[in-house]
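Novice: here's my sequence, what's the structure:
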Amino acid sequence: MELPQVVAYALIAFGSALENVFPPVPSDTFVILGAVLTEHGTLRPVPILASAWIANVAGAMCIYGIARQRGPGFFEEGWGQRLLHP
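Specialist: Next up, the predicted model:
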């Protein structure tokens, strides 16, 4: 049973976005997997590049927005203050 192309592109995008939330997950692994599937003729390279890049940038923008909104409050009290106490 073959995986549909759309699902493969979505998994590559998900893996690329996940790197921003959980840094130990290397998005390069997902891109390399896409390259291997491209070599075998299963996927096309441009959609792999586009899905990985767009998902990575979108994930980084989401994390930036959350940090900008909640970051100052986190470091003013509680765990954040104990973590970076001068």
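Novice: secondary structure element for Ala52?
Specialist: Ala52 is part of helix 45-76, with elements assigned from DSSP states H and E.
Novice: show me what that helix is packed against.
Specialist: Identification of packing neighbours for helix 45-76 by 3 or more C-beta pairs under 8 Å, 6 or more residues apart in numbering; DSSP states H and E yields helix 5-21, helix 27-39, helix 79-83. Yep, even glycine has a C-beta here, placed from its N, CA and C like the rest.
Novice: next, the buried residues of it.
Specialist: Within helix 45-76, the residues that count as buried by 16 or more other C-beta atoms under 10 Å are Pro47, Ile48, Ser51, Ala52, Ala55, Asn56, Gly59.
Novice: burial of Leu83, as a residue count?
Specialist: Leu83: 9 surrounding residues under other C-beta atoms under 10 Å.
Novice: who are the neighbours in contact with the residue lying closest to it once chain neighbours are set aside?
Specialist: Excluding the flanking residues, the one nearest Leu83 by C-beta to C-beta, 6 or more residues apart in numbering is Phe75, at 7.8 Å. Under the criterion of C-beta atoms under 8 Å, 6 or more residues apart in numbering, the neighbours of Phe75 are Gln81, Leu83, Leu84.
Novice: burial measure for the first one, as a count.
Specialist: So that's Gln81. Neighbour count of Gln81, defined by other C-beta under 10 Å: 12.
Novice: gap between it and Phe75?
Specialist: Separation of Gln81 from Phe75 (C-beta to C-beta, to the nearest Å) stands at 6 Å.
Novice: equivalent analysis for the last one, please.
Specialist: Leu84 sits at a distance of 6 Å from Phe75 (criterion: C-beta to C-beta).
Novice: one step back: and the residue nearest to Leu83, how far is that from Ser51?
Specialist: Distance, Phe75 to Ser51, by C-beta to C-beta: 35 Å.
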